[in-house]
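[1] predicted model and sequence follow; I will ask about them next.
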There are 2 protein chains.
Amino acid sequence: MTNETASKTRRGRPPGDGKQRLDTRDALVRHGLEVLTEQGFSRTGIEQILKHLNVPKGSFYHYFSSKESFGLAVIESYADYFQHKLDRWFTDERLTPLTRLARFIEDARRSMIRYDFRRGCLIGNLSQEFGRSHPMFSERLEQIFNDWQCRLKTCLDEAGKAGEIDTALNTEQLAAFFWIGWEGAVMRARLTRSDKPLLLFADTYFHLLKK
Amino acid sequence: MTNETASKTRRGRPPGDGKQRLDTRDALVRHGLEVLTEQGFSRTGIEQILKHLNVPKGSFYHYFSSKESFGLAVIESYADYFQHKLDRWFTDERLTPLTRLARFIEDARRSMIRYDFRRGCLIGNLSQEFGRSHPMFSERLEQIFNDWQCRLKTCLDEAGKAGEIDTALNTEQLAAFFWIGWEGAVMRARLTRSDKPLLLFADTYFHLLKK
């Protein structure tokens, strides 16, 4: 949670279940993240989230002007979480750059197994659900993908410097290619309830880097 | 349209706009295909489709027992259309096998541009929308991906025989990798309203094949 987010929640009204005010907005976003990652935006009713948390409707609208603004807050929360995850893996100097990428993939694979492949990538799910039909979402989603791409490019450049990959490779293109394919792999893993698409994608991608 | 499908429609009641009975089920599926490919299943109301075609509700329920059975009919129609498209490209013996794949990609790219990137791949859209949460859909969607994968594997095997790619390559893995990544590329093309993700994916994939 950012300081700005935390400061906003302090202005909130007490939720129906008597939890501290600071927690209400956070709890809504946190549960929203679980639900939207599993079933998408359109299939999720606000009522369902409020009922689960025992939060009254008035309290929800104190924090969010609409379901859309709630959706955007959930996207921001996921982006924040994922950025930290990428930083943790991609800048771990105890590992070689390609090992960092391999560890990120392994971590994501274990996470999908832990949730029995019900959850995928929120950014991928919403991109597929809306395309350009919801510009407020789609512009932000594309920025987030571009951010992930920059972070991977940096990691691949370091792999070049460390002699793990050929420095003549176009790391910008390879970083873009990774996220394009990775989202497809996460989608197939959810569909088949299996980690095989993730392993197949990773294996072929590393083959591409090392050839 | 299959003979079985055509035979079913002949038993239908006349639609509200006076078109021939044979056309009603076909018109519903055809328009459903457009709408579901653009906005997914959950966001699509049957009312919206009936209103557009001026078909009464009773007529819809004469052909389909539920929205789900309508969804399945639309999936079958798309699978049928796409299978013919793949056959047309992948078995065109006037072209080398890799040129066939390149032409399929170019055809898909032009098709996305023609619809201003509003439409993607129905099978990918629904896979992302449901994952395993709707087993009736997900099992069929996975079968369809496997069918596309087999067709591409055959084309890649022919590329090996024709000397276009190394025969030591694992064509099954490469065919699976193609569809995993291609669906990711179609998703990003919709999100960014641009053909760049398709071109980038294709360029890198061919690089992988030819290295």
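    The structure has been received and is ready for your questions. Treat the numbers as computed from the prediction; the structure is a model and nothing was measured.
[2] so does stretch A:159-174 get close to chain B?
    Yes: interface with chain B: stretch A:159-174 contributes A:Gln173, A:Leu174 (C-beta under 8 Å from any C-beta of the partner chain). All C-beta atoms are positioned from the backbone trio N, CA, C, and that covers glycine.
[3] report the buried residues of that stretch.
    For stretch A:159-174, the neighbour count (16 or more other C-beta atoms under 10 Å in any protein chain shown) marks A:Ala159, A:Glu164, A:Ile165, A:Leu169, A:Thr171, A:Leu174 as buried.
[4] closest point of chain A to chain B, which residue?
    In chain A, the residue that lies nearest chain B is A:Gly184 (3.1 Å; C-beta to the nearest C-beta).
[5] count of neighbours near that residue?
    29 (other C-beta atoms under 10 Å in any protein chain shown).
[6] does it count as helix, strand or coil?
    Assigned state for A:Gly184: helix (three-state reduction, DSSP: H, G, I helix; E, B strand; the rest coil).
[7] could you find the closest non-adjacent residue to it?
    By the measure of C-beta to C-beta, 6 or more residues apart in numbering or on different chains, the closest residue to A:Gly184 outside its immediate chain neighbours is B:Gly184, 3.1 Å from it.
[8] that neighbour: what's it in contact with?
    Residues near B:Gly184 by C-beta atoms under 8 Å, 6 or more residues apart in numbering or on different chains: A:Gly124, A:Trp179, A:Ile180, A:Gly181, A:Trp182, A:Glu183, A:Gly184, A:Ala185, A:Met187, B:Pro197, B:Phe201.
[9] how does it look with 10 Å?
    Contact analysis of B:Gly184 by C-beta atoms under 10 Å, 6 or more residues apart in numbering or on different chains lists A:124, A:127-128, A:177-188, A:201, B:124, B:197, B:201.
[10] the buried residues of stretch A:159-174 in helices, which ones?
    Counting by DSSP state H, the buried residues of stretch A:159-174 place A:Ala159, A:Thr171, A:Leu174 in helices.
[11] wait, the second one sits on A:Leu156?
    Just to be clear, that refers to A:Thr171. Yes: A:Thr171 is within contact range of A:Leu156, at 4.0 Å (criterion: C-beta atoms under 10 Å).
[12] which neighbours do those two share?
    Contacts common to A:Thr171 and A:Leu156, judged by C-beta under 10 Å, 6+ apart, are A:Ile165, A:Leu209.
[13] domain map for chain A?
    Chain A breaks down into these domains under automatic domain parsing: A:6-64, A:75-211.
[14] hey, which of those is tucked in deepest?
    For the domains of chain A, the largest average neighbour count (mean count of other C-beta atoms under 10 Å in any protein chain shown) is found in domain A:75-211, namely a mean of 18.
[15] rounded mean pLDDT for it, please.
    For domain A:75-211, mean pLDDT rounds to 95.
[16] tell me how far that domain lies from the chain's centre.
    10 Å (C-alpha atoms, centre = their mean, to the nearest Å).
[17] contacts only, for A:Asp107.
    A:Lys85, A:Arg88, A:Trp89.
[18] looking at the buried residues of stretch A:159-174, spot the one nearest B:Leu28.
    Taking C-beta to C-beta as the measure, B:Leu28 lies nearest A:Leu174 of these, at 44.6 Å.
[19] which residue packs closest to the closest one, ignoring adjacent ones?
    A:Leu156 (5.9 Å).
[20] what of A:Met112?
    A:Ala189 (5.7 Å).
[21] list every C-alpha atom in whatever helix or strand that neighbour lives in, with coordinates, as CSV.
    Assigned by DSSP states H and E, A:Ala189 belongs to helix A:171-192. The C-alpha trace of helix A:171-192 is given here as CSV (Å, rounded to 0.1, in the frame of the first residue of the first chain):
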residue,chain,number,x,y,z
THR,A,171,16.6,-7.1,-25.8
GLU,A,172,13.7,-4.7,-26.2
GLN,A,173,12.0,-7.0,-28.7
LEU,A,174,12.8,-10.1,-26.6
ALA,A,175,11.4,-8.4,-23.5
ALA,A,176,8.2,-7.4,-25.4
PHE,A,177,8.0,-11.0,-26.8
PHE,A,178,8.2,-12.4,-23.3
TRP,A,179,5.2,-10.6,-21.9
ILE,A,180,3.1,-11.2,-25.0
GLY,A,181,3.8,-14.9,-24.7
TRP,A,182,3.7,-15.2,-21.0
GLU,A,183,0.2,-13.8,-20.8
GLY,A,184,-0.9,-16.4,-23.4
ALA,A,185,0.8,-19.1,-21.3
VAL,A,186,-1.0,-18.0,-18.1
MET,A,187,-4.3,-18.0,-19.9
ARG,A,188,-3.7,-21.6,-21.2
ALA,A,189,-2.5,-22.7,-17.7
ARG,A,190,-5.8,-21.5,-16.3
LEU,A,191,-7.8,-23.2,-19.1
THR,A,192,-6.1,-26.5,-18.7
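[22] following element in sequence after the helix or strand containing A:Gly32, please.
    For A:Gly32, the host element (DSSP H and E) is helix A:21-39. Per DSSP H and E, the first helix or strand lying C-terminal to helix A:21-39 is helix A:46-53.
[23] so that next one, near chain B or not?
    No: applying C-beta under 10 Å from any C-beta of the partner chain, one finds helix A:46-53 separated from chain B by no less than 13.6 Å.
[24] helices and strands around that helix, which ones?
    helix A:21-39, helix A:57-63, helix A:67-90 (3 or more C-beta pairs under 10 Å, 6 or more residues apart in numbering or on different chains; DSSP states H and E).
[25] give me the angle between the first one and helix A:46-53.
    What it means is helix A:21-39. Per axes from the mean of the first three to the mean of the last three C-alpha atoms, to 10 degrees, the angle that helix A:21-39 makes with helix A:46-53 is 120 degrees.
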